[in-house]
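S.K.: The sequence isn't on hand, but the structure is:
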Ligand SMILES: [Mg+2]
Ligand SMILES: [Zn+2]
């Protein structure tokens, strides 16, 4: 029989529910897998074994008593370390939050707990979710399970790698410019950035508030959908969360996509996209058409400005969001510096990494007197143009299909000295954040032993159509069944 | 020769920023209680501590209270108001930014009218906006500082006067603040407690030679926590600036603190460069749309404002404008007056008593009228007892002091202290004994020496230990005198 | 127009970042590489275009004015690097507000 750590989230849920296995067995099997794989991949910053077994036992007890159990009872998961977990260290991959234990749970954490999911650990990420390779973590890089010399993508690289190697059945990441979809692509799993406002951000440590969104990562579209089902919905604690018609995983899994209109924006298929990636995406479009969809090339003329727009707006918001790390109420206070201001400067100097500092500097600059109109306001107006392009495209198409990343995983250290090349990793994913629309990455091929990701974007709050297309494609292909072989 | 030159005259310009904490149950962006005092850091949560991951959600009532205040201050209400972040570092500011309103405040373009020694004046208000309060800093014996975030996130309304300033004197500055406080307390948006810091004012002051078009460099005064301090502080600062200019010095752009004990402003901080706040729209909070219907509803629910109350009090009760001003200083004063006057039917006596004895005792005890144990019913009873002669005006003061102290009913206090003697027979007996003891004086009085009247009254008062009704004594004496000297 | 080292220093000061000379030089180079790439953004014609500040089409998201329990004080203070007398302790404040 398939080992527990290879089984889908849905299978595990059903097996626990039916009594085929206990939640404790499931948790223990995954803890064993963590012990085995962590030395190679370094996906997790904390493993919460004791808590996990306690949670699993509670599920088993409830089941044995015949009490109602949650929709994800016994399912082993990991949370990106930018998501607050009460009493469990939440570091955001930063030295400045080393050892910080939030006194509260994020809304998604609370919802997963309520659903009976068993949290096994906190996943590594680029510091404050700023990066595309997980190399910006203060606690060392995570490695790509397909090739340990390569990056897993980022910033949710730990969440992606942990799922890919079977340490957990699913995980949550956060996506500000592609941080769920790009690592999902590079690790050969499914990653969904929901519509902005679909999932509460309360308890998600902010990077860029108007772009951040939490989303699921899993080994199949259905598993991702089940996770989304558990975490989505209006939250009175987040004023940007939307009271949208609820997302229903089951209806998204109805496979029929006959008549689905697919747009293929040419801007995402040209220069900078590796040949094998472009071919894989074209093949995927053909596969979708074979299932009854129709495809047509289209254009999103301002989408190419997404990168510049993003690198103004996100740092601007980040420069403000990261002002609270002053060594007063939480986190690390550095020695040195004179008086309160000196203490704050010393703490920020010692606590933040170079990339974080760069974004704080750029953002502060873009908001400062004399530059606000030229940079920040200009970028906000361009964001409007980008959104209009998408609105126009979605009048003609139900979904848009592009590569998730222009390349497969690159080598660790390869782009560290070329921050621009690093940032190009997000060119295909950034536009969806600009527009606030949902986007999912699913495996669609292999190049030199590394996975290729297909991105499907849909209309705002139409995760259902987006995931239906992804699910139909997945059912028709085998890419999602491939697993990396990580040293045991 | 210098002595023969005409000395330059200077005119002052005073603008004012006022911050008022709003009367809500919970804070601006979280459910922590909005209250004063208490153990430090006991009304805090992830939101008002600015913990990573926390998000603000705006308090509906706070928005409504600012709309109410803006309407009472004759402002236009912005159909779309939005929140912005004001970025700066300070340990009492937990997020490293204050959520405030920058280019789309809730209210703008308003005014209020004041009366001062220089006559009536309209003070224009540039904007009324909503923001959040900061925590409080304290000092530890070690020389370090300590932060209490109980106040962090309390809803705060900022009211800024228009530029160029309409005010030019300390009198006007005080009158503006008195009127503003009257309005804010009247409409229930603020408790107006300057000493607790729930109403704070920061005047900015400059002077320039009379006739000069250019404004002088302005300074800002902080730490003014009473009307008196505002008046003295502004007066002192105007004089200080004029003295500097007369000496040929310059006024530096700086923030100065009012030192109550020394009666002067002292340098707090020099503002070399304008602070750069890097305002931008708060991405965590959505815009607030305030449609005309909503504005209409809030306007319709406004109570009678102090200006209207003042006019009505003059009309209805025959008070002078100055008296009416005092009795409308807060809604509680107006309500107290009208209730007491209504009950006892003597508005004149009620006004006099409130402006005299009541104000004196409140001041001495440092209490607000709402905290007064002797309510308007007690005052009405007291004044009725004076009117029907059960107690003298002098006794009334003692009875009132006791009522103010304990809250006991004036009638009960008067009964215990012994009421006034008005009974003609009882007083007649006393009179007989006084005449018997002072036959010469009585003869002189009856012979027309009116000066002796005071002496006779005094003797009667002495014998009754002050309880004799003076009116009745007078009447009796005259009756006896008219009845002939036997 | 490229940033100067002075710009980086000024901005670092606003952001309470204390950069070493080496760090400032590296940041300057990298930021200018990035900003150069963004120049195209400034050339786009956005005449009459409304800025987008929020990603969700919402307004009037307000909570009712009701008090809820706060954190117990020890939990509020639990993350503080230095807590004394029920407060968050900080070194002497030299700069006035
Ligand atoms: Mg203010
Ligand atoms: Zn709070």
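M.R.: Okay, I see it. All values derive from a computational prediction rather than experimental measurement. Ligands and ions are numbered 1, 2, ... in the order given.

S.K.: Can you tell me the centre-most residue of chain C?
M.R.: Nearest residue to the geometric centre of chain C (C-alpha atoms, centre = their mean): residue C:15, 6.8 Å.

S.K.: these two touch, right, that one and residue A:319?
M.R.: Yes. Between residue C:15 and residue A:319 there is a contact under C-beta atoms under 8 Å: 6.1 Å. In short, each C-beta sits where N, CA and C put it, glycine included.

S.K.: quick one, strands of the chain?
M.R.: With no chain named, the answer covers chain A. A:44-47, A:76-80, A:118-123, A:170-175, A:190-193, A:213-218, A:261-265, A:294-298, A:399-403, A:439-447, A:450-458 (DSSP state E).

S.K.: that answer is for a different chain, and I need it for chain C
M.R.: C:62-63, C:83-84, C:87-90.

S.K.: Is the last one in proximity to chain A?
M.R.: Yes. With C-beta under 8 Å from any C-beta of the partner chain as the measure, strand C:87-90 is seen reaching chain A through C:88, C:90.

S.K.: What residue, apart from its backbone neighbours, is nearest the residue in the stretch 51-200 of chain B that chain A sits nearest to spatially?
M.R.: Closest approach of the stretch 51-200 of chain B to chain A (C-beta to the nearest C-beta) occurs at residue B:96, with a separation of 2.3 Å. Nearest residue to residue B:96 in three dimensions, chain neighbours excluded: residue A:323, at 2.3 Å (C-beta to C-beta, 6 or more residues apart in numbering or on different chains).

S.K.: pretty sure that neighbour contacts residue B:98?
M.R.: No. Counting by C-beta under 8 Å, residue A:323 does not reach residue B:98; the two are 10.8 Å apart.

S.K.: circling back: compare the strands of chain A and report which one is nearest to residue B:388.
M.R.: Residue B:388 lies closest to strand A:213-218 among the strands of chain A, at 77.0 Å (C-beta to C-beta).

S.K.: Can you tell me the closest non-neighbouring residue to residue B:263?
M.R.: residue B:232 is the one closest to residue B:263 (C-beta to C-beta, 6+ apart), at 6.4 Å.

S.K.: now swap in residue A:464 and tell me
M.R.: Nearest non-adjacent residue to residue A:464 (C-beta to C-beta, 6+ apart): residue A:252, at 4.6 Å.

S.K.: tell me the contacts of the one you found?
M.R.: A:221, A:225, A:463-464, A:467-468, A:471 (C-beta atoms under 8 Å, 6 or more residues apart in numbering or on different chains).

S.K.: let's go with 10 Å and repeat that
M.R.: A:221-222, A:224-225, A:228-229, A:462-471 (C-beta atoms under 10 Å, 6 or more residues apart in numbering or on different chains).

S.K.: From residue A:438, how far off is it?
M.R.: Look at residue A:252 and residue A:438: by C-beta to C-beta, to the nearest Å, they are 11 Å apart.

S.K.: shared neighbours, these two?
M.R.: Jointly contacting residue A:252 and residue A:438 under the rule C-beta under 10 Å, 6+ apart are A:228, A:462-467.

S.K.: Among those residues, name the ones in helices.
M.R.: Among those, the members falling in helices (DSSP state H) are A:228, A:463-467.

S.K.: Hmm, residue A:216 is touching residue A:174, no?
M.R.: No. With contact defined as C-beta atoms under 10 Å, residue A:216 and residue A:174 do not form a contacting pair (11.1 Å).

S.K.: Residues that sit against both of the two, list them.
M.R.: A:108, A:159, A:180, A:193, A:199.

S.K.: For the stretch 201-350 of chain A, give the residue positioned nearest to chain B.
M.R.: Closest point on the stretch 201-350 of chain A to chain B, by C-beta to the nearest C-beta, is residue A:323, at 2.3 Å.

S.K.: Would you mind listing where the stretch 1-150 of chain A has pLDDT under the threshold?
M.R.: A:1 (pLDDT under 70).

S.K.: what do you get for chain C?
M.R.: C:95-97.

S.K.: go again using 90 as the cut-off
M.R.: C:1-2, C:18, C:33-43, C:55-57, C:92-97 (pLDDT under 90).

S.K.: Now do the helices in it.
M.R.: Assigned by DSSP H, chain C shows helices spanning C:5-14, C:21-43, C:73-76.

S.K.: filter the contacts of residue A:252 by proximity to ligand 2?
M.R.: Among the contacts of residue A:252, no residue sits close to ligand 2 (C-beta under 5 Å from the ion).

S.K.: between these, which is nearest ligand 2?
M.R.: The nearest member of the contacts of residue A:252 to ligand 2, counting by C-beta to the ion, is residue A:228 at 29.8 Å.

S.K.: Which residue is the nearest non-sequential neighbour of the closest one?
M.R.: Residue A:228 sits nearest to residue A:216 (C-beta to C-beta, 6+ apart), 5.1 Å away.

S.K.: for residue C:4, same thing?
M.R.: residue C:28 (7.7 Å).

S.K.: OK, contacts around the one you found?
M.R.: Counted by C-beta under 10 Å, 6+ apart, residue C:28 has contacts A:361, C:2-9, C:19.

S.K.: re earlier: quick check, the residue of the stretch 201-350 of chain A closest to chain B in contact with residue B:97.
M.R.: Yes. Contact criterion C-beta under 10 Å: residue A:323 and residue B:97 qualify, at 6.0 Å.

S.K.: any residues in contact with both of these two?
M.R.: Common neighbours of residue A:323 and residue B:97 (C-beta under 10 Å, 6+ apart) are B:50, B:85, B:87-89, B:278.
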